[in-house]
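J.: sequence and predicted structure are below.
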Amino acid sequence: MTKATWNGAVLAESNETIIIEGNHYFPPDVVNMDYFRESDFNTTCPWKGVASYYDVVVQGKVNKDAAWYYPKPKEGSPEKVGKDFTNYVAFWKDVDVR
């Protein structure tokens, strides 16, 4: 079971993550959205497309742009990964994933 935690809260937990470029992407239905708020930050990956971000908010503390997802992966990228990863969530910025 892979689990993402930050500031004592379990953000996501699953046996069904997809590993892309060393990052665990969690299915959207296992992400505890109580700890997330939309961010206006975006980045672009040349082969995956435009990533959208969430701030992670736990007990009043904010981890800005600590989670990202691809709402519309670039054409051909799900085939390259071997699975559709639309809206799957990955983490960085001190979020513990193991």
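T.: Here it is on my side, so go on. Remember, it's a predicted structure, so these values are computed and weren't measured experimentally. Numbering: from 1, shown residues only.

J.: C-terminal to the helix or strand bottoming out on mean pLDDT in the chain, what's the next element?
T.: The element with the least model confidence among the helices and strands of the chain, by mean pLDDT, DSSP states H and E, is helix 77-81, at a mean of 95. Scanning the chain past helix 77-81 towards its C-terminal end, the next helix or strand to appear is strand 89-91 (assignment: DSSP states H and E).

J.: neighbouring contacts of that next one?
T.: Here strand 89-91 makes contact (Cβ atoms under 8 Å, 6 or more residues apart in numbering) with 4, 6, 11-12, 20, 23-26, 28, 31, 54, 56, 66-69, 97. Any C-beta I mention is one placed from the backbone N, CA and C, and that applies to glycine too.

J.: same check, this time on stretch 33-40
T.: Applying Cβ under 8 Å, 6+ apart, the contact partners of stretch 33-40 are 6, 9, 11, 52-58, 64-65, 67.

J.: quick one on the thing from earlier: for the least confident helix or strand of the chain, packing partners?
T.: For helix 77-81, not one helix or strand is in contact under the criterion 3 or more Cβ pairs under 8 Å, 6 or more residues apart in numbering; DSSP states H and E.
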